[in-house]
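# Can you look at this prediction? I've put the sequence above it.
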Amino acid sequence: MNLAKPLPPLTLVLGGQRSGKSAYGESLMNGGGVYLATGHASDAEMAERISAHQDRRGQGWVTVEERLDIAHALDRAKKLYADKPVLIDSLGMWVSNMLHDGKAPVVEAETVANAMVRHPAPVLAVSEEVGLGVIPMNPVARSFVDSLGIVNQIIAAKADQVVHVVAGLPHILKNN
């Protein structure tokens, strides 16, 4: 179900793992655009996940891989593909990559959000919703949940549209 045509300047699609958030985000892109992938094949299982995403997308997509510097990747996309909408998948993987590399995603979130807003074509960011679970038992997991929760809030505040996907069903939280 496609809830938004044409795509607003900035959309945030939230959902849990296997909620259908990525497929929903892709469905809003009208068959293509720039796919800014933050994941990397760190093991065989992750390589399979990436391959499944690529197979589902099909033709019409230009893939830009960037683990850490989303703002810079958006600037590159602006120069190379200014008229193409950008789908960023996912902010959760970006936060994980940042934390793994000893960087502060919350500090960088405002820069990333501003780059999304400045982009000449629509930007759709996919992210994991982490605010519905229990408090994790270890400090690494708590740091991830806290960081991603704050990053999601920063992006949502600037977004024109925010959608929460549950079991493949989109629920609009914000629609300016």
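On my side now, so go ahead. Everything numeric in this text was worked out from a predicted model, so none of it was measured.

# and after the helix or strand bottoming out on mean pLDDT in the chain, which helix or strand comes next?
None of the helices or strands of the chain scores lower by mean pLDDT, DSSP states H and E than helix 44-57, at a mean of 74. Next in sequence after helix 44-57, counting helices and strands by DSSP states H and E, comes strand 61-65.

# any idea of the mean pLDDT for that next one?
Across strand 61-65, the average pLDDT comes to 90.

# Next, the angle helix 44-57 makes with it.
Put simply, strand 61-65 runs at 150 degrees to helix 44-57, going by axes from the mean of the first three to the mean of the last three C-alpha atoms, to 10 degrees.

# Strand 61-65 and whichever strand or helix holds residue 78, what's the angle between them?
Secondary structure assignment for residue 78, by DSSP H and E: helix 70-81. Calculated by the same axes, to 10 degrees, helix 70-81 forms an angle of 140 degrees with strand 61-65.

# in this structure, which spans are strands?
For the chain, strands defined by DSSP state E occupy the ranges 10-15, 33-37, 61-65, 86-89, 123-128, 161-166, 169-175.

# and these as CSV, adding mean neighbour count and distance to residue 74?
Backbone N, C-alpha and C define where each C-beta goes, glycine included. Putting the strands of the chain into CSV (neighbours: other C-beta atoms under 10 Å; distance: least, C-beta to C-beta, whole Å) gives the following:
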stretch, mean neighbour count, distance to residue 74
strand 10-15, 26, 11
strand 33-37, 24, 7
strand 61-65, 15, 9
strand 86-89, 26, 7
strand 123-128, 26, 7
strand 161-166, 20, 18
strand 169-175, 14, 21
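
# All set now, cheers.
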